[in-house]
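# Just to be clear, the model below is a prediction. Sequence and coordinates:
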Amino acid sequence: MKIQGAVKKETIFITAGTLLACVVVILVFFVLHRIMPRSVPFGYPVVLGALCGGIVASLNFFWMSLTVQKITEAAAADAKKTASERADGDEDKEIHISPEVSDRAYKTMKLSFRHRMLMQLIWVVLAITLPVFQFAAGIIPLFIPSLLIKARGFITGTQNPQ
């Protein structure tokens, strides 16, 4: 399977945004540590936690994107096959996808979601239990891709009202 341009573009956007936000998280920990050194830790566990959390968040997004690509390619192939099988000359512009392909797409996405959530759960457990990571700095990046997607949607939605 060749990775589509849209998947590459979106993954680069999410990874770059997540990396930038991880740097902000590290800077916030640094500033808070300077203000409240006994309450807020700072050191390599913060940096390592934020960077590893960012990697897990970016991998999660990439994995989801690949799953969506796989599903859409299968649906497009099925729709093309279905259109070529119609011999009645129907010039209908609707896309027809067989129930089998639709069911398989649902199951594939559901399985992908379970595995991606398991990956994140394992990361959260590791971030909390291993002293080499600062747990908050490791968990915060998991929320960043979702925030980036919502922020971009809000920004582009207000610039292009329909």
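Received, thanks. Numbering: from 1, shown residues only.
# going forward, measure contacts between C-alpha atoms and count neighbours the same way
OK.
# With adjacent residues omitted, what lies nearest to the residue nearest to the spatial centre of the chain?
Nearest to the mean C-alpha position of the chain, by C-alpha atoms, centre = their mean, lies residue 61 at 2.0 Å. Sequence neighbours aside, residue 11 is the residue nearest to residue 61 in space, at 7.0 Å (criterion: C-alpha to C-alpha, 6 or more residues apart in numbering).
# So that neighbour: helix, strand or coil?
Assigned with DSSP: H, G, I helix; E, B strand; the rest coil, residue 11 falls in the helix class.
# Quick one: residues contacting it.
For residue 11, the contacting residues are 58, 61, 62, 65, by C-alpha atoms under 8 Å, 6 or more residues apart in numbering.
# Which members of these are positioned in helices?
58, 61, 62, 65 (DSSP state H).
# Adding distance to residue 31 and pLDDT, write these out as CSV.
Output for these, formatted as CSV (distance: C-alpha to C-alpha, whole Å; pLDDT from 0 to 100):
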residue, distance to residue 31, pLDDT
58, 26, 97
61, 30, 96
62, 32, 96
65, 35, 94
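# would you turn those residues into JSON lines with distance to residue 109?
As requested, these are exported to JSON lines (distance: C-alpha to C-alpha, whole Å):
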{"residue": "58", "distance to residue 109": "18"}
{"residue": "61", "distance to residue 109": "13"}
{"residue": "62", "distance to residue 109": "13"}
{"residue": "65", "distance to residue 109": "10"}
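# got a winner among those for most neighbours?
residue 58 (25 neighbours; other C-alpha atoms under 10 Å).
# gap between that one and residue 29?
Between residue 58 and residue 29 the computed distance is 21 Å (C-alpha to C-alpha, to the nearest Å).
# Check residue 13 too.
Residue 13 sits 24 Å away from residue 29, going by C-alpha to C-alpha.
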